[in-house]
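K.L.:
got a predicted model here, sequence first, then my questions.
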Amino acid sequence: MHNLGGHEHDEKKKLATNSGRQHTVQISSSELSHAKAELSADLDDLQSTLKNKDTEIENLKAEIASLHTLVEIEKLRTDLANLKALAAKESAKKK
């Protein structure tokens, strides 16, 4: 594997395969560090994406609540218009 001034040592990792057999893979410290850095970057990206999605969900919930409020307002307006029409009919009958 790679050797940086003799200060690097190789690590052996056993990886289980789907069939249950094990293979020994030799990975240098720099390769292991590089893989760890890549995975950390991927994790940071995923966490950022998740945070953005959470924010988007909260915004959508607020928008839905606003729409519910608008629907309630329109329902009240309709009820009020119906009551006014009914009151006008009652008033016309009394005359």
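P.N.:
Noted; the coordinates are in hand. Numbering: from 1, shown residues only.

K.L.:
what's the helix or strand containing Leu67 packed up against?
P.N.:
Applying DSSP states H and E as the criterion places Leu67 in helix 29-94. Under the contact definition 3 or more Cβ pairs under 8 Å, 6 or more residues apart in numbering; DSSP states H and E, helix 29-94 sits against strand 10-16. All C-beta spots, glycine's among them, are computed from the backbone N, C-alpha and C.

K.L.:
what's the average pLDDT for the strand it packs on?
P.N.:
The average pLDDT within strand 10-16 is 55.

K.L.:
next: stretch 63-74.
P.N.:
98.

K.L.:
distance from that stretch to the middle of the chain?
P.N.:
Centre-to-centre, stretch 63-74 and its host chain are 24 Å apart (Cα atoms, centre = their mean, to the nearest Å).

K.L.:
pLDDT at Leu4, what is it?
P.N.:
47.
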